[in-house]
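Enquirer: make a model of this:
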Amino acid sequence: MKKQRGRPIKPATGRRTQVTTLIRADLKRRLMEDAKQSGRTLSQEIEHWLERLLAYETLTSAFANLQPTEDQRLRDLQKVFASLVPSAPRTVSPGGPPSPRAVRPGGPEDDEDLKT
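Expert: Just a heads-up that it's a prediction; the model follows:
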């Protein structure tokens with residue numbers, strides 16, 4: 001293993017820590033535009049995007065590991081969502097969104113086969 005040159009990397013301590021990285025100019029322009037629109041600093045915008053990416057990866061990996069039953073999927077999704085969004089409701093109605101067949105451009109009342 002090669003000997004590391006320069007000062008050793010300090011472990012992260014405290015609330016915030018500095019990270020230095022190089023990014024493409026087009027990516028920096030986009031981040032700066034997003035920061036301006038959201039009212040955040042460039043550092044805050046980068047932190048916001050990193051948090052979103054990590055939440056997305058956590059959510060997609062949770063979906064990959066879901067159990068086969070619908071009830072179990074719903075419970076697993078609630079756990080993941082609650083861990084990502086602390087103020088989220090703890091329960092979700094099991095019906096989920098309406099099926100595409102139940103909602104048509106003319107409205108469900110126009111569908112003879114859906115009437116009971």
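
Enquirer: which regions of this structure lie under the pLDDT threshold?
Expert: By pLDDT under 70, the weakly predicted segments of the chain are 1, 66-68, 86-116.

Enquirer: biggest helix in it by residues?
Expert: If you go by DSSP state H, the chain has its longest helix at helix 42-64.

Enquirer: can you name the element that comes right after that one?
Expert: Sequence order places helix 70-84 as the next helix or strand after helix 42-64, per DSSP states H and E.

Enquirer: and that following helix, what does it pack onto?
Expert: helix 42-64 (3 or more CB pairs under 8 Å, 6 or more residues apart in numbering; DSSP states H and E). C-beta: built from backbone N, CA, C; applies to glycine.

Enquirer: in the helix it packs on, what's buried?
Expert: Neighbour counts over helix 42-64 (16 or more other CB atoms under 10 Å) mark E45, I46, A62 as buried.

Enquirer: what is the nearest of those to P8?
Expert: P8 lies nearest to I46 out of those, by CB to CB, at 24.4 Å.

Enquirer: how much space between the closest one and T60?
Expert: Per CB to CB, to the nearest Å, I46 is found 21 Å from T60.

Enquirer: and if you look at S43?
Expert: Distance, S43 to T60, by CB to CB: 26 Å.

Enquirer: check E70 too.
Expert: From E70 to T60 the distance is 19 Å (CB to CB).

Enquirer: go on, G6?
Expert: 36 Å.

Enquirer: turn the buried residues of helix 42-64 into TSV, columns for distance to K36.
Expert: Shown next, in TSV, are the buried residues of helix 42-64 (distance: CB to CB, whole Å):
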residue	distance to K36
E45	9
I46	14
A62	33
